[in-house]
Structure formats: structure tokens, C-alpha cells
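> how does the following fold in three dimensions:
(chains A, B and C)
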Amino acid sequence: MSNLVKFRIDKTECMAEAGKYIVEAAKENGIYIPTLCNMPGVKPQGACRICTVRINNRLMTACTTPIADGMEIEMDIPELNDLRKAIVEMLFVSGNHFCPACEKSGDCELQALAYRYQMFVPRFPYEFPQKEVDASSTRIIKDQNRCIFCKRCIKSVKDEQGRSYFAFRHRGHKLEVVLDKELGMSMSEEKAEQAMQSCPVGSILVKEKGFSKPIGKRKFDHSPIGSDIKL
Amino acid sequence: MSKPIVATTSLAGCFGCHMSILDIDDRILKLIELVEFNKSPINDIKTFTKEVDIGIIEGGCCNSENVEVLKEFRKHCKILISLGECAIMGGLPALRNGIPIEECLHEAYIGGPTVQLNKEKILPNDDELPMLLDKVYPCHEIVKIDYFLPGCPPRADLIWEALVALITGDPMKLPYEVVKFD
Amino acid sequence: MKDTVKQILKRYGNDKTRLMDILIDIQESSGFISGEAIAEIAHAVGLSQVDVEQTLSFYHFLSTKPRGKYAIYLNDSPVALMFGRDAVRMTFEKEAGIKFGQVTEDGLIGLFDTACIGMNDQEPAAIINNRVFTRLTPYRVREIVKHMREGKDVEALMNESYGDGKNQLPSLRAMVSSNIRRKGMVLTDDYEMGTVIKSKLPHLSPEGVIAEMKHSHIRGRGGAGFPTGLKWEFCRRSKGEKRYVICNADEGEPGTFKDRVILTEKPELVFEGMAIAGYAIGSDEGLLYLRYEYRYMKDYLNEVLENMRQQNLLGKKIAGIEGFDFDIRIQFGAGAYVCGEESALLESLEGKRGEPRDKPPFPVEKGYLGKPTIVNNVETFGTAVKIILHGGEWFTQFGTEDSTGTKILSISGDCMFPGVYEVDWGFNVTDMLDMVGAWEVQAVQVGGPSGTLIGPEEFHRTLGYHDLSTGGSMIIFGPQRNLLKDVVHNFMKFFIEESCGSCSTCRNMSQMMTRKLEKILNGKGVPKDLYELKSWSAVLQASRCGLGQTAANPIVSSLKNFPSLYEDLLQKDKDFDEGFDLEAAVKDSCDFVKRVPNLNHH
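Predicted structure coming up:
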């Protein structure tokens, strides 16, 4: 209780418990800091860099940086909003994101961020990389075209022994998130569902399930991502 | 002052974006008052008969004819708009972009499950036919595009807002719901 | 084979934090790591198979496919290219009958490119089954491949004399030369191993050691320049039963090789420095994280460690000081530049992918296995011994106010005497060029690809943390070099290859900027491209680690200091060109349907 500290995000005076990650602390104060790879209950990854804020002239990820007393955080400023938009655009061009044909369209967090930042066209050239679709699991499809390497599935989907169903393969521009062949074959229905839920985009899909919600009823059809965060 | 002139075309698209233009409903009467149409499938004028203020492009470029038409538009239009996902990023036709062109042609004309009549395994190669590109290109990777209106198709309200804004110079009103990629 | 894998697993107690050792040992015993081996490891250490592969596939020298009885890794740095790499590469391909990236059908020879192996002063060089072959020529390549076909041992392929200095020792026997060309306080031979431990530490408290370090104002020699004394103090103050001393010998910055030379000629000094650090922060365990490229030093360094143990400079109750226990283990990397970043190095030490960690927490609070840890460069530890020997005050008389002491430089490229030079900080570039015999110089790459490329108008600048900061890599380019094509492009490819891929920014941006550079090199550039290169590069600042943040430096610094190199390549009459080429775009489809492209159809 006594651990409350004061800090500021842009012009707003805020209070939160010391040591909380900035993203969470901001949320408690009704401020939305956009995230993509962050996931409640999982150690933050700092992978997508969307939540980048500026503290003391240094760029920091708000999902991994704990709040400290007197912190002055620059968040909603043109320079950083353009950076976030650039990252979203980069994620679009570096994969194959065909929104009109995607099961997750309307519920996709990447797309929702693109809407929020009014991406009309990415500033970067489309790469159209060659990617595989892995449908070998009995339960799920892993579509590499849509993967944004957020690590959410890697960090959150584990079996009873704590083993990961998903992991990175290779590095850098050749990076992939792959499903364990063995574990993928014995996946339960709940695990498959959990895996799909963990994916912010449409890269993990439960087989024979898709387009279940009509246009107009999907998560981001009527209000931008983050609009649920208010005091 | 004479009315601004508009031209439209559909390249590698499905005409859905053109349908969405028509979806502005009764505002189309207002539109006709505001602008004059030149080359466009809407009035069936096949070639440019005058210089145009606003060119609207649906679809990306999947073959040499698309490229030629697009360049023609760039030459005759002061402003070019990429209308819809296909013009902006290739859209559904670009689903072939990861697949080698040989495989695509083979699937379409020789080995695909719907190929029944092509017993001689002829691949279309008449000199009059457009030549297929190695991938479907977004329009702005071939010519300079001035504005982009996303959507599959772009919402009619978005098209209307954008055209009115361009013609009148008034700022665009963009409610959250009108900018969507699907 | 299953038994071998089991034995190796047993050797490391089925400990998943020793996964690097497990994988390296299997790779070395079988030439690759098979699917069965992966399953076996996964089962034994309690990971999913995909999780084992996650680590394996991160490292350049680990492979799931056989790499050949003789696996040849030919260095791909700009300096290798400058000194005839192309001819060597082509001869290898011709003699082996395969391309780089392939293995001969009989499984005898594999050819692979590899990033700078720390031999820039004796290029072209290659690593063949962990032995380094320097100064390669087409003739030597023909001879080597011939001997391989005859089934000779790798040792027997090294028919040249061994290098200078300790490279000739029986436990080293390396063709590598140390090329020490200027000695200072660190490289001097005027020091007897263990003097500080035996004669200074008994009279100096751990706090006293830290006080001397702080007083000396020494900053980290790896490049980042954090004050070493402060780092040690923070670590000592961090709560925890166990603390670690890590020596960063990952030396991956292209063009740097001074750590290789220090570890060859003065390893005792480095180990003694680590022990002093252990004494100062209250640690009993040190690890030397050594890049796999220097695997040839394994036996030699272990011998040095053993010798130090026998003299009670390592082990229990060192120099008779109660409670001063300290020992050192060597942990090898497996080919990943990013592991030179201290938190990535820690991840790798723990048997994982070398992905940098987000900070805070800093390693001094939560480092190796979550325990307070200091990570310092090879040179820093070596220098620390001299600071404690003579005192912090003495040390400050060398160098400048902001950058005290000496710096060991790795100098290579177009000069008469490439090699290792120890100079006082504050040395200027002109003096440096005169020192090494570089007569005509177009540019100098200071601090490797992540540093800056400077031209003659900046040669008055001095080396130091306040001006030209460098971890030690200095590459000199003569007027005959094509900087954009042979240097900048090569460095950008290096960053693409070495990105861990975790941050969206670094994973994608270096690739996109390189494509744009290639477009300009292909004569398709327009003025807008230069503006975009500059503005896009800002995105990289949001990356987690130094690699990502500096991954555009080759382009950014050459664009700033050599703008005309770019401007001269731009199309004068165009303001739009995204590089679309109709002729190239229709070629494949026309070939396939057998028609002649008609590019002016109507």
C-alpha cells in the first residue's frame, strides 16, 4: 500500500505501485500504451517495440520497464507515434498479410493497430516473402505468412511438464516460429484453443474453425484497440 | 470553372471497388454534378479523350497490360488514387506471389483439378496476350501514386469523403468505421 | 551414436543450462546434430524438441545436417575480400566441385561462408575443423583440397610454419600470427604472473580494489565504455549468495582481433584480472565466454588455467587469503556476433539463444542464472591487473581525462603493418595511419561496422570515449576500394545475418535498407531514396541492444561522411523509380510459355 509512487505520462499525473511495468501502471491510470507482443500473465518480451516510450531521452519499452518514483514518460508524441506506425507498417510488408482473406480479420491486433494509426499504405516496399503453412498438427494450422514473431505462443503455451509447444527457429530475417512436431500431434482441444487465443494475428488457427463472427460483431469493428482502457 | 474530370480503371481486381463507388447510392447524382467522367468502365469510354484531374485505380499489376494502362493513367492524370487492397498491396491476386510463375501456369493450364479440355497441354503464348509478371505488384511500386484508400472494398463513405475532399479542398472526415482492410 | 549422445549428456549432468556444451560436443563428435540426437537431448534435459532446436538453429556452427568430414569456413569480411578472398573462394569451389553452402556428395568437403573470424591482419583465412588457416592463396587451396582427398589429418594440412610468439607452443600450434607491433602497460612482458594476487591483494580489501578501479576511471574496453569500478561496486552491493565474473571473449566485431592476441600472449593476465574481480565482488566462479572461432585455443587455455591452479592463483584460499576461492571455466559460443552483447552472452551461457535481455534488470543485479554478475572485456581484465599493481592514480597519467589508460587496437586493411598496437587514448587518426604505414587513405572504419566510416577531413580526430569511440577495430581503405559495394554492403549483410531477430526493428530494417542500397548500386536510385535511408534508420533506435541500434551505421555514417558516393549513383532525370523492371518481370513467364517478350506492345 505504502509503495505508491507518482509519475507522469506526457501531461498526466499518475500514481501506481512501484515496480509495476509501465504499460500496466498506465492502464490503471486510464492511459493506453499500445502493445502487441505483451500478454497478461506472461513475462514481458519487449519483442515488437510498439510500446516504446521515452524516459530521460532514452527509448525504453513500456512493457518491460518497471515504474519508478518521479518518472517522466513521453508516450503520445508525434515522433513516437510515427515510430509505432512504422513498426506496424514494417510488420505488414515483411509478412504476407492478406486481411480480406484472413480468419482473424476484425479481431487481429496488428490490423487494429494499423487502424488506430490510420495506415493507408506502408511506407516500405512489400517483400512478399515465401512462407509455409504447417497443417501437420491434428488440431491447428500454423500459417507462417502471418506470423509476427511476438513470442506469445512460445511463452504461454506449455504442457504439464512446462515444455513449449512453440519455439523460434533460425535467427534474424530467417526467423520462424514453429510448432513441436511431437507435441503438436497430441495437442488437446483446449491447448489448441489457447494457442489460437495467444496469437494476436491469424498465424495460429484451430482447424475447421474460422469466420465464426460476422462483420460488425468483431472485436475491432466499431472502436479502436485500446478504447476499453479508461478510468 | 469547369468541372474536374475523373477517370477510373480496374487492373488485376474484381470490380468490387467499382461496385463500391456505385454504393454511394443517391450521392451518385451529386457526384455527376460535381465531376465529369472520362475513360472509365462506368461510362464505357475506352481511351483518354482529354487530360484528367483524378485517376482512380482498382487492382494491382499482374501482367504487362496492367502496367501499360497504369502508366497511361499516370501520364494523363494529375492525381492518381490507389483504390482498395489490390491496388495498394496486390490483394488476393498477390496470394500467388510466393509461388514460382511456372507452378502457377502449370496449375492453371495443365495440372490443376479444373483443367479438363486442354488435352494438348497448350500454354497461352500468343503475342497479342498480355505477358504475366513474376508477381502481382502494388501500383505504387510501378508509378507514383498520390493517395491510397484501403478496404476490400473501400467503404463507399470513404470513397465519397475522399472525392469530395479532393474536389472541394475541404478536410476529410474519417470516422473509425470507414477505414478497414476487409 | 546414441551412446555417444548419452555419454555427452551425462558429462553435463543432463543440465539444460549446459545445452551449448552438449550441442557443441555432439556436433564435433558426429559432424552434425541429428533428429534422433535432438530427441535424445530433449528427453534428457526436459525440453521439447523444438526448444532444443531453438537454441541449435541460432548458432552458425551448429547444424542438423552433416557439414563434411572437412568443414571449411571461409571468412567473409571486407578485408578478406581486399586481399584475394574471391580467388580463394573460386579455387575452393573449383577444386571441391561444389558451391559455398554445399557439401560434396561423398561427404568429404563442406564449404561455408562465415563472418569475421578475427584474422583481419592475415587474410584470407579460413577455419577447417576448428584449426585456423591463414594467408590462403589459390595454390595453397589446391594443395589443401588435394590433401583432403588423400585423407590427411587436418594437422597435416598445416604444412606451413606456425605463427609467432606463443602460437608455436605445443598446445597451440597455430598458423596464426600475433603481430604485436606496439606494447604498452598491458602487453608489456615486464610482469610476472600472480604478482598482484600474491603481493597486493593480501594488503587490500575487496572495497579497496574497487576503490582503486574507480579512481583509475577505467571504462569498459569492449566498446560500450561503462565505468568498470562502478560496475564492480554495483555487483558487490547486489544481494545474493552467489556472484559471477564473466569475461567476454566473443570478439565478433569485424576487424577486431586484439582479444585473440591478448589471450594468446597474455592469458594469465586476463585470468588473474578475473580472479581479482572475483575477490572484489565476492565471487568464487568465473567463466570465459570464448567465441567458437577461437576453439583452437581450448587446450592451450585449459593448460594455462591448470598451471595457475597448481600455483594457487586459482582454486581455494588463493594466496593464503581466507575465503578467497575462485576458479574459471571456459564456455564456448557457437557462432553468433550478438552474443558479444553482455545480456545475450548470459543467455547463451545459460544454454539458450543469444537474445539480448531487456534492461533493467542489469546483469549486476540479475545476471548469469539470475545471480549478480559482472561481464567485462578481455582487455579490461588484463588492464585491471596493472591498475591494482600500480594504483588507480598511476593509471590516470595515461590517456586523456575522459579516457584514461591505453587502448589495444586491431589495425588492418590497406597498410604496411597490420597487427595489434597498444596506444594511449587520445591518439589521433593521422598519427595512427603514419604509425602503421598507410600512405594513401580514402577512409577508415573506426570501431567496426557498428562504428563510423570517416574520411581524411576527420583524421585529426582522436580516439576516446568522447570523440572516436572504439572497441579496437580500425580498418583502413585505400583509394582503390569501392566503399559502398565492397564495404558498406558487406557490413549490412553482416548485420542482417547476425540479427537475433527478436526485435521487429532490427529483424526487418537492416534488410530493407540493404535492398535500398542495392537498388542505388544498381543505378535505380532517386533522390528520395537517400532521404528514406536516413529517416528509416531512426526506427532502429527502438531496438533492444547495441546491434540493432547500430545496424544501420554502415549506411548512415557513409551517407553522412561520403554523400557524393551515393549522389553520383542516382538517376539525374528522375524523381520516381521503385526499381520496377518490366523486362525482368516478364522473363520467367515468357520463357515458360515459350514466347518472345514484346516490351513495346502497343
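> chain neighbours aside, what residue packs nearest to the residue most central in space within chain C?
Within chain C, the residue whose C-alpha comes closest to the C-alpha centroid is residue C:252; the distance, by C-alpha atoms, centre = their mean, is 0.9 Å. Once its chain neighbours are removed from consideration, residue C:252 has its nearest residue in residue C:337; the separation is 3.8 Å (C-beta to C-beta, 6 or more residues apart in numbering or on different chains). For every residue, glycine as well, the C-beta is placed using N, CA and C.
> in the chain, which spans are strands?
As the question left the chain open, I've gone with chain A. Using DSSP state E, the strands assigned to chain A run over residues A:4-9, A:12-17, A:52-55, A:58-61, A:72-74, A:133-134, A:140-143, A:166-169, A:176-179, A:204-206.
> nope, chain C please
Counting by DSSP E, the strands of chain C are C:70-75, C:109-114, C:126-128, C:131-133, C:180-182, C:244-249, C:285-290, C:327-332, C:373-377, C:406-413, C:419-424, C:443-446, C:452-454, C:473-477.
> low-confidence stretches in chain A?
When residues are selected by pLDDT under 70, those of chain A lie in A:1-2.
> quick one, longest helix in it?
As far as residue count goes, and with DSSP state H defining each element, the longest helix of chain A is helix A:78-94.
> and chain C, by the same measure?
helix C:504-521.
> check which helices and strands it is in contact with.
Here helix C:504-521 touches helix A:78-94, helix C:489-498, helix C:527-537, helix C:546-550, going by 3 or more C-beta pairs under 8 Å, 6 or more residues apart in numbering or on different chains; DSSP states H and E.
> got JSON lines for the ones you listed, with mean neighbour count and distance to chain B too?
As requested, the helices and strands packed on helix C:504-521 are arranged in JSON lines below (neighbours: other C-beta atoms under 10 Å in any protein chain shown; distance: least, C-beta to the nearest C-beta, whole Å):
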{"stretch": "helix A:78-94", "mean neighbour count": "20", "distance to chain B": "8"}
{"stretch": "helix C:489-498", "mean neighbour count": "23", "distance to chain B": "20"}
{"stretch": "helix C:527-537", "mean neighbour count": "16", "distance to chain B": "10"}
{"stretch": "helix C:546-550", "mean neighbour count": "22", "distance to chain B": "26"}
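> quick one: closest of these to residue B:46.
Distance to residue B:46, taken as C-beta to C-beta, is lowest for helix C:527-537 among these, at 34.0 Å.
> just want the angle from the closest one to helix A:78-94.
Orientation check (axes from the mean of the first three to the mean of the last three C-alpha atoms, to 10 degrees): helix C:527-537 against helix A:78-94 gives 110 degrees.
> ok, and what's touching helix C:527-537?
Residues lying outside helix C:527-537 but in contact with it, judged by C-beta atoms under 8 Å, 6 or more residues apart in numbering or on different chains, are A:86, A:123-124, C:509, C:512-513, C:516-517, C:519-520, C:552, C:555-556, C:559, C:563, C:566-567, C:570, C:575-576.
> relative to helix C:504-521, how tilted is it?
160 degrees.
> dump the C-alpha coordinates for helix C:527-537 into PDB.
As requested, C-alpha coordinates have been extracted for helix C:527-537 and formatted as PDB (Å, rounded to 0.1, in the frame of the first residue of the first chain):
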ATOM      1  CA  PRO C 527      17.000  11.400 -54.500                       C
ATOM      2  CA  LYS C 528      14.000  10.300 -52.400                       C
ATOM      3  CA  ASP C 529      15.900   7.100 -51.600                       C
ATOM      4  CA  LEU C 530      18.600   8.900 -49.700                       C
ATOM      5  CA  TYR C 531      16.000  10.800 -47.700                       C
ATOM      6  CA  GLU C 532      14.300   7.500 -46.900                       C
ATOM      7  CA  LEU C 533      17.500   5.800 -45.900                       C
ATOM      8  CA  LYS C 534      18.100   8.500 -43.300                       C
ATOM      9  CA  SER C 535      14.600   8.600 -42.000                       C
ATOM     10  CA  TRP C 536      14.100   4.800 -41.900                       C
ATOM     11  CA  SER C 537      17.200   4.300 -39.900                       C
END
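> tell me the mean pLDDT over it?
Per-region confidence: helix C:527-537 scores 97 on mean pLDDT.
> can you tell me the centre-most residue of chain A?
When C-alpha atoms, centre = their mean is applied to chain A, the residue found nearest the centroid is residue A:36 (2.0 Å).
> quick one: contacts for that one?
A:48, A:50, A:109, A:110, A:113, A:148, A:150, A:200.
> give me the spatial nearest neighbour of the fourth one, chain neighbours excluded.
Spatial nearest neighbour of residue A:110, excluding adjacent residues (C-beta to C-beta, 6+ apart): residue A:201 at 5.0 Å.
> contacts for stretch C:437-446 next, please.
The set of residues external to stretch C:437-446 that reach it, using C-beta under 8 Å, 6+ apart, is C:255, C:413-417, C:429, C:433, C:451-456, C:459, C:463, C:468, C:470, C:473-479, C:481, C:483, C:487, C:561-562.
> and residue 119, how many neighbours does it have?
As the question left the chain open, I've gone with chain A. Residue A:119 has 20 neighbours, counted by other C-beta atoms under 10 Å in any protein chain shown.
> meant chain C actually
Around residue C:119 sit 26 other residues, with neighbours defined as other C-beta under 10 Å.
> surely it meets residue C:127?
No: counting by C-beta atoms under 8 Å, residue C:119 sits too far from residue C:127 to count as a contact (9.1 Å).
> ok, whichever residue of the stretch 301-450 of chain C sits closest to chain B to chain A distance?
Using C-beta to the nearest C-beta, residue C:353 is the residue of the stretch 301-450 of chain C that sits closest to chain B, at 26.6 Å. For residue C:353, the distance to chain A (C-beta to the nearest C-beta, to the nearest Å) stands at 7 Å.
> and the spatially closest residue to that residue that is not a sequence neighbour, how close does it get to residue A:124?
For residue C:353, the nearest residue in space outside its immediate sequence neighbours is residue C:58; the separation is 4.2 Å by C-beta to C-beta, 6+ apart. Spatial separation of residue C:58 from residue A:124 under the definition C-beta to C-beta, to the nearest Å is 26 Å.
> more crowded one of those two?
Looking at residue C:58 and residue A:124 with other C-beta under 10 Å, you find the greater number of neighbours at residue C:58, namely 27 against 21.
> quick one: contacts for that one?
Here residue C:58 is in contact with A:168, A:170, A:171, C:336, C:353, C:354, C:500 (criterion: C-beta under 8 Å, 6+ apart).
> so the third one makes contact with residue C:499?
It refers to residue A:171. Yes: Residue A:171 is in contact with residue C:499 according to C-beta under 8 Å; the separation is 6.8 Å.
> neighbour count winner among these two?
Remark: of residue A:171 and residue C:499, residue C:499 carries more neighbours, 28 against 25, as counted by other C-beta under 10 Å.
> show the contacting residues for the residue nearest to the spatial centre of chain B.
Nearest to the centroid of the C-alpha atoms of chain B, with distances taken as C-alpha atoms, centre = their mean, sits residue B:58, at 1.4 Å. For residue B:58, the residues meeting the contact criterion (C-beta under 8 Å, 6+ apart) are B:8-11, B:13, B:15-18, B:83-84, B:86-87.
> try it again with 10 Å
By C-beta atoms under 10 Å, 6 or more residues apart in numbering or on different chains, residue B:58 lies in contact with B:8-21, B:41, B:81-87, B:91, B:139, B:153-154.
> could you do residue A:80 as well?
By C-beta under 10 Å, 6+ apart, residue A:80 lies in contact with A:33, A:34, A:50, A:51, A:52, A:53, A:54, A:59, A:74, C:542.
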